[in-house]
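Participant: I would like the atomic coordinates for the input below:
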Amino acid sequence: MKPKLKRLADQVIVITGASSGIGLTTAEMGAARGAAVVLAARSEDALSMAVDRITARGGRAIAVAADVSEPAAVEEIGRRAIAHFGRIDTWVNNAGISTYGALTEVPLDDKRRVFDVTFWGVVHGCEAAIPHLQRRGGAIINVGSVLSDFAAPLQGIYSAAKHAVRGYTDALRMELEEARLPIQVTLIKPGTTDTPYTQHARNYLAREPKHPKPTYAPEAVADAILRCAERRVREVVVGGLPRLQIAMHTIAPRLVDRVLERWMRRAQQSEAPPYSEDSLYAPSGEDYRRRSRQGGRVMRSSTYTRAVLSDTMRAAPFVAAGAALAAIALARR
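Facilitator: Residues are numbered from 1 along each chain as shown. From the prediction side, this is the model:
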């Protein structure tokens, strides 16, 4: 059964990791476009401020404080959404956390915590969402990364978690299709995004982490998420340059490995000594906003991603296939 997705203004959307960055941006933009939004994250104070901003602008929103590494807490997000809005139409699994440091230097407990949030948080979200969505239909949108396709030195365990998110998402999609459940499963793969991600990560480097260039605005990712809430899309990369990076790694993986070995260590470290309080095990209480503190040039949108998600481009393969079949038929005549 094919999912029938509603227009955004008629949807109730659950978003995890909604206290900052991509999650917060998606919630605010979704509410501005008419959706009712359920913001979930660990920081109750940050969520309350976000909900106040949304409702002050005429939007509909509630906050649910929850740690996505705990299945019962994630199930409570769903119950609260149903109790307040009566249904769920789209569930966005966005929560994630990272560490910066060589794999041999990051403690095992920290590695497990990254997986608990970044991978198991997605699993818990999907398992909480499916019972609600299978009745009326809807979408599950999992936020992966460009690092779902290749790995980055100094973020090895995060790369592994995002690879796992991709594998889980692909398997879940097939199983739901086989069961004929009306649930669309989409994977979003952002490139480097200008969020407080580096400040929230636990740091084992001698210097403060920074985003490697090119960096995209969180609004570009949020726009892709919201477009996929209305369209049946398997997966989409946010950013033309990240799409090129993935293609190059597919074609010449060893060459890309060598480039990353030479470039990524320097590209991920600033000149400043470490100064951020991380959020690995508990909210740090700082930088719960859309953007990072790093400044510099940020790409505000992605022409590539908007084109891929446009109705015209999505219809292009079917038009091309129809033209090819028509040409074959004419040739036979």
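Participant: In contact with the residue nearest to residue 132 when sequence neighbours are not counted, which residues?
Facilitator: Nearest residue to residue 132 in three dimensions, chain neighbours excluded: residue 88, at 4.6 Å (CB to CB, 6 or more residues apart in numbering). (Each C-beta comes from the backbone N, C-alpha and C, glycine too.) The contact partners of residue 88, taken as CB atoms under 8 Å, 6 or more residues apart in numbering, are 12, 13, 14, 38, 78, 81, 82, 129, 132, 133, 138.
Participant: How many neighbouring residues does residue 284 have?
Facilitator: 16 (other CB atoms under 10 Å).
Participant: now the closest residue to it other than its chain neighbours: how far from residue 199?
Facilitator: Leaving aside its sequence neighbours, residue 284 sits nearest to residue 277 (CB to CB, 6+ apart; 3.9 Å). Using CB to CB, to the nearest Å, one gets 8 Å for the distance from residue 277 to residue 199.
Participant: Now do the strands in the stretch 201-333 of the chain.
Facilitator: Using DSSP state E, counting those that start in this stretch, the strands assigned to the stretch 201-333 of the chain run over residues 202-203, 235-238.
Participant: what packs against the longest one?
Facilitator: Contact here means 3 or more CB pairs under 8 Å, 6 or more residues apart in numbering; DSSP states H and E; on that basis strand 235-238 packs against strand 183-190, helix 218-228, helix 303-309.
Participant: Now mean pLDDT too, for those, in TSV please.
Facilitator: TSV is the format used below for those (pLDDT from 0 to 100):
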stretch	mean pLDDT
strand 183-190	98
helix 218-228	97
helix 303-309	90
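Participant: quick one: contacts for residue 156?
Facilitator: 102, 103, 106.
Participant: Weed out the non-buried ones from those residues.
Facilitator: residue 106 (16 or more other CB atoms under 10 Å).
Participant: So which of the contacts of residue 156 sit within strands?
Facilitator: Among these, DSSP state E puts none in strands.
Participant: remind me which residues of the stretch 1-150 of the chain are low pLDDT?
Facilitator: Scanning the stretch 1-150 of the chain for pLDDT under 70 picks out 1.
Participant: all helices of it, in order?
Facilitator: Here the stretch 1-150 of the chain has its helices, by DSSP state H, counting those that start in this stretch, at 21-32, 44-56, 71-85, 108-118, 120-136.
Participant: Which among the ones you listed is found nearest to residue 195?
Facilitator: Smallest distance to residue 195 across these (CB to CB): 3.1 Å, for helix 21-32.
Participant: just checking, what packs against that closest one?
Facilitator: Helix 21-32 sits against strand 12-16, strand 36-41, helix 44-56, strand 60-65, helix 218-228, with contacts defined as 3+ CB pairs under 8 Å, 6+ apart.
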